[in-house]
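> The following comprises the amino acid sequence and a computationally predicted model.
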Amino acid sequence: YKRQAVGYPTLFTLVALGSLVPVVPTGALVSSAAVVAFHQTSPFSLLFVFAAASAAAFLGDLCLYWLGQRGVRSKNGSKWLEALTRRAAPERLEQSRRKLEEHGGAVLVLSRLVPAGRIPVMLA
């Protein structure tokens, strides 16, 4: 029980951080936690991993969205957004915009599963 008291909050924190900093390997973290949970004696361990990771990803994405909206509305925010947009591959950014217009929320969910897919979708 002591490991679980540390494990779930740590998983939550790292997944939330991974939402804000795309270089944190959240997929590997959640997969590893699921493997460990599968071998626990509690039948609810996998459910707790899923709940913690899902809540953390949702919270992290909300924070990222809020920061993006706050930044764009700031004095130099539009300059920062333009600089970031120039760094993104134009074809990838345009593809993300098209898919976002066509499929809406499904693109947002799938962008979390595609490696390096979150950044172009957030920019779009």
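Yes, it's here.
> Only C-alpha atoms from now on, for both contacts and neighbour counts.
Will do.
> neighbours around residue 75, how many?
Residue 75: 9 surrounding residues under other CA atoms under 10 Å.
> before we move on, what about residue 70?
Neighbours around residue 70, by other CA under 10 Å: 11.
> again with residue 37
19.
> Please apply the same query to residue 90.
With other CA under 10 Å as criterion, residue 90 counts 12.
> Please apply the same query to residue 34.
Neighbourhood size, residue 34 [other CA under 10 Å]: 18.
> ok, now the one 10 residues further on?
Counted with other CA under 10 Å, residues neighbouring residue 44 total 12.
> pLDDT wise, what is it at?
At residue 44, the model reports a pLDDT of 87.
> Now do the SS call for the residue of the chain positioned farthest from its centre.
Distance to the chain centre peaks in the chain at residue 41, reaching 29.5 Å (criterion: CA atoms, centre = their mean). Taking DSSP: H, G, I helix; E, B strand; the rest coil as the rule, one finds residue 41 in the coil state.
> Same question for residue 28.
Using three-state DSSP, the secondary structure recorded for residue 28 is helix.
> Tell me, what's the model's pLDDT at it?
Value for residue 28, per-residue pLDDT: 84.
> tally of neighbours for it?
The number of residues near residue 28, taken as other CA under 10 Å, comes to 10.
> What of residue 61?
Residue 61 has 21 nearby residues by other CA under 10 Å.
> And the one 10 residues further on, by the same measure?
A count of neighbours around residue 71, defined by other CA under 10 Å, yields 16.
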